[in-house]
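1. sequence and predicted model, in that order:
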Amino acid sequence: MQVHRLGRDMFAGFRPKPAATPEKAPTPDRAGAASGGKPDQARAIERYARASADIGRMRAQELPVLPHQESALRRAGEALDQVRPDAARDLASAFRRDPGLIGQAAEGKTGGAVRAMAEERRVRLDSDARADRFVESWRGLARERAGGDQVRAEKATTRMGAMAEGLRRDPELAKALERRAPELELKLERGRSIEKSLEQSIGIGRERDRGMSL
């Protein structure tokens, strides 16, 4: 079974609440059920969100994540995948896109998470929808890169490089993006892949090629 581990960027917008009363038992969420979420799914989402929130609090304080916290997140993801295959993957993606859902779901208000998971599943299975997101993100990062702030520009370049590299693992998305090259301000050359074209457009490919030739 695939283990879903969360990157630091997932908690970029997370604001931890101070410790309060002891953790209560998860309860099914009516809003989640009304949105198509089953009680078992609502409980699994709440458990996963609480484990994510624990990790978020540690990272917000620049403290190391403890082994039992990582284990709790892994077990929560496995329980969620028992409800629906790849559900943990979709929920982690939803949390990265909207960290505010973590706190809501951790409190048992899982309706928003259920809807976001459904959207993430739709995008995951639709290469054109993934292309929409890619183009939107790429153009936004390109604006940051051209904004004049060197630190932000370097971070944007790093993220754009990672996006281009990721296309090697998603050939369907790469093919969909070839049709949308003009939106990415690319002119594809015969024999050159979309990912290599994107890397060279931000200077990564040229630097790599120059290093190999030395």
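-> Structure received. Numbers count the residues shown, from 1 in each chain.
2. so which elements touch whichever strand or helix holds A51?
-> Per DSSP states H and E, A51 falls inside helix 39-60. Applying 3 or more Cβ pairs under 8 Å, 6 or more residues apart in numbering; DSSP states H and E, we find helix 39-60 packed against helix 30-34, helix 67-83, helix 87-97, helix 100-106, helix 111-125. To be clear about C-beta, it is placed using only N, CA and C from the backbone, and glycine gets the same treatment.
3. what are the buried residues along that helix?
-> For helix 39-60, the neighbour count (16 or more other Cβ atoms under 10 Å) marks 41-59 as buried.
4. please pull out the lowest mean pLDDT helix or strand from this structure.
-> The helix or strand of the chain with the poorest confidence is helix 30-34; it has a mean of 42 (mean pLDDT, DSSP states H and E).
5. for the chain, give me the ranges with low pLDDT.
-> 1-38, 205-214 (pLDDT under 70).
6. now do 90
-> 1-39, 147-148, 187-192, 204-214 (pLDDT under 90).
7. and the helix or strand harbouring E165, how far out from the chain's middle?
-> E165 is located in helix 150-166, with elements delineated by DSSP H and E. A distance of 15 Å separates the centroid of the chain from that of helix 150-166, by Cα atoms, centre = their mean, to the nearest Å.
8. what does stretch 140-157 give?
-> 20 Å.
9. return the set of buried residues in it.
-> 141-142, 144-145, 156-157.
10. and if you look at stretch 86-98?
-> 86-96.
11. just the closest of the residues you listed to A72, please.
-> Using Cβ to Cβ, A88 is the member of these that sits closest to A72, with 12.8 Å.
12. tabulate the helices and strands packed on helix 39-60 (TSV), appending distance to E185.
-> As requested, the helices and strands packed on helix 39-60 are exported to TSV (distance: least, Cβ to Cβ, whole Å):
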stretch	distance to E185
helix 30-34	41
helix 67-83	38
helix 87-97	25
helix 100-106	32
helix 111-125	23
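13. on that earlier part again, tell me what the helix holding E165 is packed against?
-> The contact analysis (3+ Cβ pairs under 8 Å, 6+ apart) places helix 150-166 against helix 127-145, helix 194-201, helix 204-213.
14. please name the nearest non-neighbouring residue to A79.
-> Using Cβ to Cβ, 6 or more residues apart in numbering and skipping residues adjacent in sequence, the residue nearest A79 is A44, 4.9 Å away.
15. next one: A153
-> R145 is the one closest to A153 (Cβ to Cβ, 6+ apart), at 4.8 Å.
16. the one you found against I202, yeah?
-> Yes - with contact defined as Cβ atoms under 8 Å, R145 reaches I202; the gap is 7.4 Å.
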